[in-house]
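**Q** show me the folded form of this:
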Amino acid sequence: MKNKVLLALGLALMLGSTAVLLFVHINGLWPKSVSSYLFFPLWLGWMLLCHALGDIFGKRAAKKHPETARRVAIEQEDERNIAIANKAKAKAYDSMLYAYSALVVLLAVMGVGIVPVLLLLTGYLSVVGLNIYWLNRYHKEG
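**A** Sure, this is the predicted structure:
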């Protein structure tokens, strides 16, 4: 049921936004300041459609090959695989912090402008702030 709703919503968003984009393009009403915002419903429709189709194909494959589906479910819930995935996420997070900080400094030194540097810095500090929040919350639980 959920997949059918996502599929229908994705198709409706794609078709509706495509119709709006075609209408705007044919009638020459293409404003330069708003043009990128018109593609958001199209992107959202494709995202929902692909998510629903992935779920549908996954369930069909699981019905055709139940032994493989059982093996995949066991591998996904295995503690060792979860620990490996968490370790990989931690390494990626650490490298992302270095990359963000280097990029903020590089853009500031290049003199790109204050708005892009502040946007990137806000994203960087949000990630660090979320890390501190979850770290404190998990320490209180454990």
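**Q** name the helix or strand of the protein that has the lowest mean pLDDT.
**A** helix 2-26 (a mean of 76; mean pLDDT, DSSP states H and E).
**Q** ok, and what's touching it?
**A** 29-30, 38-42, 44-53, 55-56, 59 (C-beta atoms under 8 Å, 6 or more residues apart in numbering). Quick note: C-beta positions are derived from backbone N, CA and C, even for glycine.
**Q** tell me what the helix or strand encompassing residue 127 is packed against?
**A** For residue 127, the host element (DSSP states H and E) is helix 114-141. With contacts taken as 3 or more C-beta pairs under 8 Å, 6 or more residues apart in numbering; DSSP states H and E, helix 114-141 sits against helix 79-110.
**Q** what residues sit buried inside the helix it packs on?
**A** 100, 104, 107-108 (16 or more other C-beta atoms under 10 Å).
**Q** I'd like the average pLDDT over it.
**A** Averaging pLDDT along helix 79-110 yields 90.
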